[in-house]
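structure for this input, please:
(one chain, ligands or ions: 1)
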Amino acid sequence: QDAPAKSDQSTTEAASAPRDPALKPVFDEFGGKPGLVTLVNDFMDNLMADPVTRPFFANADREHIKKELVDQFCVILDGPCTYTGRDMASVHKGMGVNRTNFNALVEDLQTAMNKHGVPFRAQNKLLAKLAPMHHVIITR
Ligand code: HEM
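Predicted coordinates for the structure are as follows:
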């Protein structure tokens, strides 16, 4: 540990380090993976109760989407997860999502986060990572 690391060693250490250690507490503020599972359950309930978003999800495999969302959010929050779903452009291609649909989904997520008492600062960490995705998700 005290010996100076060889350059290839330090490269390895950097590669295996958490993506952003400063975000680690945010994952905990979501209640870790179990917290994300219950959050995403309520999120999907909200999406199905919302007339703006319901048509998109009514005939979709909602259990599968929830699993992918949990993994995706977990990765975004630097939790110990791997996202194995498809990329956002491919998934939403041809769906015809507009800005109104997108904003409604974000509000439904905020409603779920509020219900679960996720601190505002932690909410914004997640939302800030999701917001730029509108470039590939909104197609009309
Ligand atoms: C930042 C916003 C969004 C994120 C992070 C997101 C994330 C995801 C993820 C992770 C999946 C599952 C991918 C997979 O199965 O491999 C998915 C699927 C889906 N998303 Fe989104 N999504 C967003 C916005 C939207 C919006 C605005 C709508 C429509 C209102 C929408 C409708 C759908 C539908 C219908 C599916 C299922 C597609 C299928 O099964 O073929 N998404 N989304």
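
burial count for the residue of the chain found nearest the ligand?
Nearest residue of the chain to the ligand, counting by Cβ to the nearest ligand atom: Gly85, 2.9 Å away. C-beta here means a position set from N, CA and C on the backbone, and glycine is covered the same way. Neighbour count for Gly85, taken as other Cβ atoms under 10 Å: 14.

again with Leu36
Neighbours of Leu36 (other Cβ under 10 Å): 25.

tell me which parts of the protein are close to the ligand?
53, 56-57, 60-61, 64-65, 68-69, 72, 85-86, 91-92, 95, 97, 101-102, 105, 130, 133, 137 (Cβ under 6 Å from any ligand atom).

mind listing the helices for this structure?
Using DSSP state H, the helices assigned to the chain run over residues 7-16, 24-29, 32-49, 54-57, 62-76, 88-92, 99-115, 120-130, 134-137.

before we move on, back to that, ok, now which ones touch the residue of the chain closest to the ligand?
68, 71-72, 91 (Cβ atoms under 8 Å, 6 or more residues apart in numbering).

what's the spacing between it and Gly94?
17 Å (Cβ to Cβ, to the nearest Å).

once you drop chain neighbours, what's closest to the most centrally placed residue in the chain?
Nearest residue to the geometric centre of the chain (Cα atoms, centre = their mean): Phe73, 2.6 Å. Excluding its sequence neighbours, the residue lying closest to Phe73 (Cβ to Cβ, 6 or more residues apart in numbering) is Leu36, at 5.4 Å.

perfect, I'm done here.
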